[in-house]
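Participant: Could you work out the structure for the sequence below:
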Amino acid sequence: MNLRIHSIFRSTEGEGVHIGVPQVFVRFQGCNVGCLNCDSKETWDFTDDTMTMNEVLAKIEDLCQGVNPIRRVSITGGDPLHPKNSDAALELSRVLKKSGFYVNIEAAGTRVVNELFDIIDFISFDYKTPSTGVKPNAKVLKSLCDQYSGKAQIKAVIADKKDFEATFDMLTTTLGMYDNEKPDIPWILTPCYEPEEEFPTARFSEVVRMNEDFGAPFRVIGQQHKMIHGPNKRDI
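Facilitator: Okay, the predicted model is just below:
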């Protein structure tokens, strides 16, 4: 099988509940979601397949080596769950799990792919806020929450108060998941970095304040890789 791959690199998780954990990232090429504030638009085009499965696995194994070898892979994109990529992502996950890897998938939140989600260790979904220009799919989010509690998270990029209120409304009103209790699946708020922007101190503080004012239903976790390397560096 051939795979449509943009890049494979070793780094630490930059966001979400596993922030700071070393792993190898396999970034698929191709995404048609179209977020206005996407920080990896170079992965949007659906190019031809670029690597064989054996080439991908060899690259992963090579990057996992070192003084402290790692056995953790994050499959991301682009969109690894797009129908043009999902079969390859499923087969890659099967091989990695048989080889003893912890496998995480990071996706836009447009599809629940049960055959894939049932065999991997963790699922990270996006909730698309108004600033992304993309309409979120509440049915898909509800399906994830109902089926994969304990092995998933939902992340929302927050640019302003409108984004925060839309996320809170989705959690509490549309999905009915919060009533003086934390949701079974953690929801992560990520303060947005605008293009060319240094660390957004004021926005970060405002998101923290809004979360506290609303009873702290979310965890506020910044993007560590952007804090360290700036907003424009790729594959880190």
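Participant: Only C-alpha atoms from now on, for both contacts and neighbour counts.
Facilitator: Will do.
Participant: any idea where the helices of this protein begin and end?
Facilitator: Counting by DSSP state H, one finds helices in the chain at the ranges 53-64, 86-98, 114-117, 138-147, 161-169, 201-213, 224-229.
Participant: Adding distance to Val24, mean pLDDT and mean neighbour count, write those out as a markdown table.
Facilitator: Shown next, in a markdown table, are the helices of the chain (distance: least, CA to CA, whole Å; pLDDT from 0 to 100; neighbours: other CA atoms under 10 Å):
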| stretch | distance to Val24 | mean pLDDT | mean neighbour count |
| --- | --- | --- | --- |
| helix 53-64 | 7 | 96 | 16 |
| helix 86-98 | 12 | 97 | 18 |
| helix 114-117 | 19 | 98 | 15 |
| helix 138-147 | 24 | 93 | 16 |
| helix 161-169 | 30 | 96 | 17 |
| helix 201-213 | 28 | 94 | 15 |
| helix 224-229 | 14 | 63 | 15 |
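Participant: Make a markdown table out of these and add distance to Ile70.
Facilitator: Formatted as a markdown table, those follow (distance: least, CA to CA, whole Å):
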| stretch | distance to Ile70 |
| --- | --- |
| helix 53-64 | 5 |
| helix 86-98 | 13 |
| helix 114-117 | 22 |
| helix 138-147 | 28 |
| helix 161-169 | 35 |
| helix 201-213 | 32 |
| helix 224-229 | 19 |
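Participant: can you pull the contacts of Ala156?
Facilitator: Counting by CA atoms under 8 Å, 6 or more residues apart in numbering, Ala156 touches Asp126, Tyr127, Lys128, Thr129, Thr167, Trp187, Ile188, Leu189, Thr190.
Participant: Test my guess that the second one contacts Asp163.
Facilitator: No: the pair Tyr127 / Asp163 is not scored as a contact, 10.2 Å apart, by CA atoms under 8 Å.
Participant: quick one: common contacting residues for these two?
Facilitator: Val157.
Participant: can you tell me which of the contacts of Ala156 are in strands?
Facilitator: Judged by DSSP state E, strands contain the following of the contacts of Ala156: Asp126, Trp187, Ile188, Leu189, Thr190.
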